[in-house]
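Asker: pasting the sequence and the predicted coordinates here, then a few questions.
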Amino acid sequence: MKLFNNVLVVTSLFLSASAFAHVGLGSSMPANGAMLSQAPTTLELTFTAPVRLVKLTMQDEKQQSVPLTLPSSATSQAAFSFALPALNAANYTVNWMIMGDDGHKMKGNMSFMLHDSGMNTRSAPPMTMEHETSEHTAHQ
């Protein structure tokens, strides 16, 4: 019985530690799913804990890339801000990959729409997040 309790305690500690390792996008500007009538001049991403931004891409619905420059700092931070070039009316998707201090990589995306008065205002797809493992086994 004592062995069972020890295994139970270790398992619950492991599971609770891995739950804390899952960091996600807390907020963004523009907000995920936003429908904008004016082009944003900056893209701001705020994560739920400090992370290292490994990859960041932004594309319109025709898969044309919007140039973004990753920060040069290798230190973890929770908030990132990027200057945007002039954007045309389109649906945009921002894809990101982050790495937590424990080595876990996570990726996800968010979308927004920039329209003018003549465009159809359909909603942007929902934000998604995937979890990648690097040197760790997958936590289900």
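Answerer: That came through fine.
Asker: make it CA atoms for all contacts and neighbour counts henceforth
Answerer: Will do.
Asker: residue contacts, the closest residue to residue 98 other than its chain neighbours?
Answerer: For residue 98, ignoring the flanking residues on the chain, the nearest one in space by CA to CA, 6 or more residues apart in numbering is residue 53 at 4.6 Å. Residues in contact with residue 53 (CA atoms under 8 Å, 6 or more residues apart in numbering) are 70, 71, 76, 96, 97, 98, 99.
Asker: what is the subsequent helix or strand relative to whatever helix or strand residue 53 lives in?
Answerer: Residue 53 is part of strand 42-60, with elements assigned from DSSP states H and E. Counting by DSSP H and E, the next helix or strand C-terminal to strand 42-60 is strand 77-83.
Asker: residues near the closest residue to residue 28 other than its chain neighbours, how many?
Answerer: Take residue 28 and drop its neighbours on the chain: the residue closest to it by CA to CA, 6+ apart is residue 45, 4.6 Å away. For residue 45, the neighbour count with other CA atoms under 10 Å is 20.
Asker: just checking, residue 45 touches residue 27?
Answerer: Yes. Between residue 45 and residue 27 a contact is recorded at 6.2 Å, counting by CA atoms under 8 Å.
Asker: of the contacts of residue 53, which count as buried by neighbour count?
Answerer: Among the contacts of residue 53, those classed as buried by 16 or more other CA atoms under 10 Å are 96, 97, 98, 99.
Asker: and those as a markdown table, adding secondary structure?
Answerer: Conversion of the buried ones among the contacts of residue 53 to a markdown table gives the following (DSSP: H, G, I helix; E, B strand; the rest coil):
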| residue | secondary structure |
| --- | --- |
| 96 | strand |
| 97 | strand |
| 98 | strand |
| 99 | strand |
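Asker: which of the residues you listed lies closest to residue 107?
Answerer: Closest approach to residue 107 among those (CA to CA): residue 97, at 4.2 Å.
Asker: list the contacts for the closest one?
Answerer: Applying CA under 8 Å, 6+ apart to residue 97 gives the contacts 53, 54, 55, 56, 105, 106, 107, 108.
Asker: adding pLDDT, write those out as JSON lines.
Answerer: Putting these into JSON lines (pLDDT from 0 to 100) gives the following:
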{"residue": "53", "pLDDT": "93"}
{"residue": "54", "pLDDT": "92"}
{"residue": "55", "pLDDT": "93"}
{"residue": "56", "pLDDT": "95"}
{"residue": "105", "pLDDT": "93"}
{"residue": "106", "pLDDT": "94"}
{"residue": "107", "pLDDT": "95"}
{"residue": "108", "pLDDT": "96"}
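Asker: lovely, talk soon.
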